[in-house]
Every structure is written in C-alpha cells, then in structure tokens.
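1. My questions are about this predicted structure, shown below with the sequence.
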Amino acid sequence: MVSERDPGFGVYIHWPFCAAKCPYCDFNSHVRHQPVDQERFARAFETELATMRARTGPREVTSIFLGGGTPSLMEPQTVGAVLEAVAGNWTVPEGIEITLEANPSSVEAERFRGYRAAGVNRVSLGVQALNDPDLRFLGRLHNVAEALHAIGLAREIFPRLSFDLIYARPGQTPDDWASELEQAIGHAADHLSLYQLTIEEGTRFHALHAAGKFEIPDADHAAELYAITQDVTAGRGLPAYEISNHARPGAESRHNLTYWRYGEYVGVGPGAHGRFIEDGRRVVTMTEKMPESWANLVEAKGHGITGGELLTRSEEADEFLLMGLRLAEGIDLARYEALSGRPLPGPRVSVLQEEGLVAPVGNSRLRATASGMIVLDAVVADLAR
C-alpha cells in the first residue's frame, strides 16, 4: 500500500501514439497514418522492462500506469502482454492499482472489457470539456455525447474511474465553469483531474496565441476559476489532494501519489522518464522520444535510454520540495532535512508564512496554502535557492 512513509515503486509504460495531435499538447505523442506494429512494440516493452529489472533488482510493484499518447489505441492483447512482462520481472501483488489512459473517441465496450480482463482496474479518460464548441477548439475528436457514453461504459466495467477537464478556456466565465464542474461531478465516480489551460512552447496553440488568434483568461480571472474549482469540488466531497487532482477520501491516484511523495518508479517506452534507487543513489533515466528510433535502440542494445544522471542530495531535496508541496498534505520537514542535509531556511519560511503562501501542519510538516498553490513555482524557488 502506498503511504507517505513508503511512497512505493511504480511502473510507467508510455504508449506514444495518438489518432490526432491536440493543439495544446506538449507530451511525447505522435500520429501515424499507417497501422502501428503493436507486436513489435510489445516485444520492445518486454525487453526494456527486463533491462530495468536488472538495474532495480527484485522489487514489489505498488502501481502500474499506461500513459500516452493514447493507450486506448492499444489492442487488449498488447496491454495484456505488457502487464504480464511487468509481473514477470517484479512482484506484482493482486489488486494493485493498474491505470490506463483512454480517449472517448477510441472507446468501445469490447475493448474496455478486454483491458479489464488483462488486469486494468482504473481508467483515466481525457474528456477535457463538456460542451461541443470547446471540444472542437481543443482539437478533440469526440463530442459530449461520446464522452458521456465513455464515462458510462467505464463506470460499468472498471472498479475505478477518473476523467480530465481543462478550464480557463477562452471566454469561459466563472458561472460557466461552476456549472460545467457541477455537471462533471454528477458523472464522476470518485476522482477528477482539473487542469488550467496553459500555452506551451512548441504547440500549435503557442503559435496561434502568439499571432493573436485567441486569448486565455488573465492571471486574476484564472485565479478566480481556480478558487471556484476548490470550492465546488470540496463542497461535493471531492476535495483537492493535489494542486490539480480531486478525489473522495481513499480514491486518490496511488501511482501519482508515488510521484508526488517522491517514491521510485521506472519509465519504459518512447520518451519515458524514471527515478529509482540504484547502488544507494537516486538515478534519473530518459529514453529516446521518437517511437521507431526507440524500438530500434531497444532491439539493438536492450533499452532505449539516451540520457540519465545521478542526483545530488541538493537536487533530490529540490525535487522533493517541488513534488511534495503540490500535495494538500504538504511535506515532512524531517524527510527534507534527511535528503538535503540541512533544514529548510527558517527566515524564508517565515516570510512566506507571513505572506500567507505556506502554513505549518503541527511541528513536523509544511504545506502550501490556497494562495501559495497559485504561485507554487515561485514558492518552491524561494525555498530551494
């Protein structure tokens, strides 16, 4: 069981293919107009998993996450082969969280049942909006009716479900968002991921926004929408446990908690990152991003790793801060000190506390306040410098 004391050991599998590239997306995702050789990629996943097992040694897996890209473009037998490979390399206790990301446009009942039979017990749906004009603006291939159909299927077939929405869209008013959020909660099972629209460099939205083709809400408007998000979800029993994630108590994403609580995980597949302890040091691994190039590398040398590093104590502590302060529970000050070799700088903590950006939790923890969450990068930078 994932806990703060034992944040777990996760396995992340990256399926890099999508039916279309969304204009806001800066993830490692690729469109292919010919069928993907799924058997080849399944074999490559199996090979890279074995290489990772040789580096981590025997471990007990606490969660598996199939992300993308669009993993719901995988055939159920491909998913089954990959999950079998994970279980062939590490101990996989029965009933651990196994999540697959899906898009409503690629959902069908037969395929969902195939994923469930393969062992998937949690689905994360990329819904993104509950009105058709905004879905078109966001470049999504589904409409609202298809999204609600996918949510219904997922609730019927899987024990656990989450879905994503993007807010702070052009022209979105506080009343619009509050109404859409209420509608979403009415369909949600026990978890929602609610992300503010940001303009990422290298995306189609970045070029369009720079050319003045659309505007997004300014900082004050976005902060108002964020505040509405917190109020509505908390009032309906899905409080934020992380800056963008909301769940009924006990329904939090265990895999993502492993990230945010600074646990260990291996990343397999094109563009995947991993962070795990090897020979007493925390190692970072990064793989080749281009899918076919990654597969070629795996076939040639057993893995597609093209970069990595050993983190210093200071770097580990900074990452722990960056991840842990995203959580409503905040960070354990003793663990920070153990990682960094020094306590957090008292004068800076005091200033941030006076400014209402951080707050102590008893004598042993520190968390970001609601105001601090809005400027979290600045808070972390101030504490880490």
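-> In hand now; what should we look at?
2. For the one helix or strand Ser162 maps to, name the packing helices and strands.
-> With elements taken from DSSP states H and E, the one containing Ser162 is strand 160-167. When contacts are defined as 3 or more Cβ pairs under 8 Å, 6 or more residues apart in numbering; DSSP states H and E, strand 160-167 sits against strand 122-128, helix 144-157, helix 174-187, strand 191-196. Heads up, the C-betas are built off the backbone N, CA and C, glycines and all.
3. That one pairs with which strands?
-> Strands adjacent to strand 160-167 in the sheet, as given by DSSP bridges, are strand 122-128 (parallel), strand 191-196 (parallel).
4. List the contacts of that strand.
-> In this structure, residues lying in contact with strand 160-167 by Cβ atoms under 8 Å, 6 or more residues apart in numbering are 24, 97, 121-130, 138, 151, 154-155, 177, 180-181, 184, 187-197, 225, 229, 247, 251, 253.
5. Run through the residues that contact the nearest residue to Glu201 once chain neighbours are set aside.
-> Sequence neighbours aside, Asp26 is the residue nearest to Glu201 in space, at 7.4 Å (criterion: Cβ to Cβ, 6 or more residues apart in numbering). With contact set as Cβ under 8 Å, 6+ apart, Asp26 has these partners: Glu200, Glu201, Gly202, Thr203.
6. Now do the SS call for Asp26.
-> Local secondary structure at Asp26 is given as coil here, using DSSP: H, G, I helix; E, B strand; the rest coil.
7. pLDDT wise, what is it at?
-> What the model reports as pLDDT for Asp26 is 91.
8. Use 11 as the first number from now on
-> Yep, numbering from 11; the last one is Asp36 now.
9. ok, it to Pro143 distance?
-> 23 Å (Cβ to Cβ, to the nearest Å).
10. quick one on the thing from earlier: kindly reformat the helices and strands packed on strand 170-177 as CSV containing distance to Asp174, mean pLDDT and mean neighbour count.
-> As requested, the helices and strands packed on strand 170-177 are exported to CSV (distance: least, Cβ to Cβ, whole Å; pLDDT from 0 to 100; neighbours: other Cβ atoms under 10 Å):
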stretch, distance to Asp174, mean pLDDT, mean neighbour count
strand 132-138, 5, 97, 25
helix 154-167, 11, 95, 18
helix 184-197, 10, 96, 16
strand 201-206, 4, 97, 20
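11. I'd like to know which of the ones you listed is closest to Pro227.
-> Comparison of these against Pro227 by Cβ to Cβ identifies strand 201-206 as nearest, at 8.8 Å.
12. from the chain's centre, how far out does the closest one sit?
-> Average the C-alpha atoms of strand 201-206, do the same for its chain, and the two points are 10 Å apart (Cα atoms, centre = their mean, to the nearest Å).
13. Quick one: residues in contact with it.
-> With contact meaning Cβ under 8 Å, 6+ apart, strand 201-206 is reached by 134, 170-178, 191, 194-195, 232, 235-236, 239, 243, 248, 254-258, 261-263.
14. Also stretch 299-315?
-> Residues from elsewhere that reach stretch 299-315 (Cβ under 8 Å, 6+ apart): 26-27, 38, 40, 50-51, 54, 57-58, 60-62, 279-281, 295-298, 316.
15. residues of it that come out buried?
-> When burial is assessed from 16 or more other Cβ atoms under 10 Å, stretch 299-315 yields the following buried residues: Lys299, Pro301, Glu302, Trp304, Ala305, Leu307, Val308, His313, Gly314, Ile315.
16. Which of the residues you listed sits closest to Ser13?
-> Each of these was scored against Ser13 by Cβ to Cβ, and Ile315 proved nearest at 29.8 Å.
17. how close does the closest one get to Asp387?
-> The value you get for Ile315 to Asp387, if Cβ to Cβ is used, is 28 Å.
18. same thing with Arg285?
-> According to Cβ to Cβ, Arg285 and Asp387 sit 20 Å apart.
19. And the two? Which one has more around it.
-> When Arg285 and Asp387 are compared on other Cβ atoms under 10 Å, the one with more neighbours turns out to be Arg285, at 21 against 9.
20. and the more buried one, what are its phi and psi?
-> Backbone torsions for Arg285, taken as degrees, to the nearest 10, come to phi -150, psi 110.
21. my guess is it meets Tyr275, correct?
-> Yes: using Cβ atoms under 8 Å, Arg285 and Tyr275 qualify as a contacting pair, with a distance of 6.1 Å.
22. Mind listing what's buried along the longest helix along the chain?
-> Counting by DSSP state H, the longest helix found in the chain is helix 48-66. Of the residues in helix 48-66, 48, 51-59, 61-63, 66 count as buried by neighbour count, 16+ other Cβ under 10 Å.
23. Ok, stretch 246-260 next?
-> Of the residues in stretch 246-260, those buried under the neighbour-count criterion (16+ other Cβ under 10 Å) are Arg246, Leu248, Ala250, Tyr251, Glu252, Ile253, Asn255, His256, Ala257.
24. Identify the residues contacting the second one.
-> Think Leu248. Taking Cβ under 8 Å, 6+ apart, we find Leu248 in contact with Ile195, Ala198, Asp200, His201, Leu202, His256, Ala257, Arg258.
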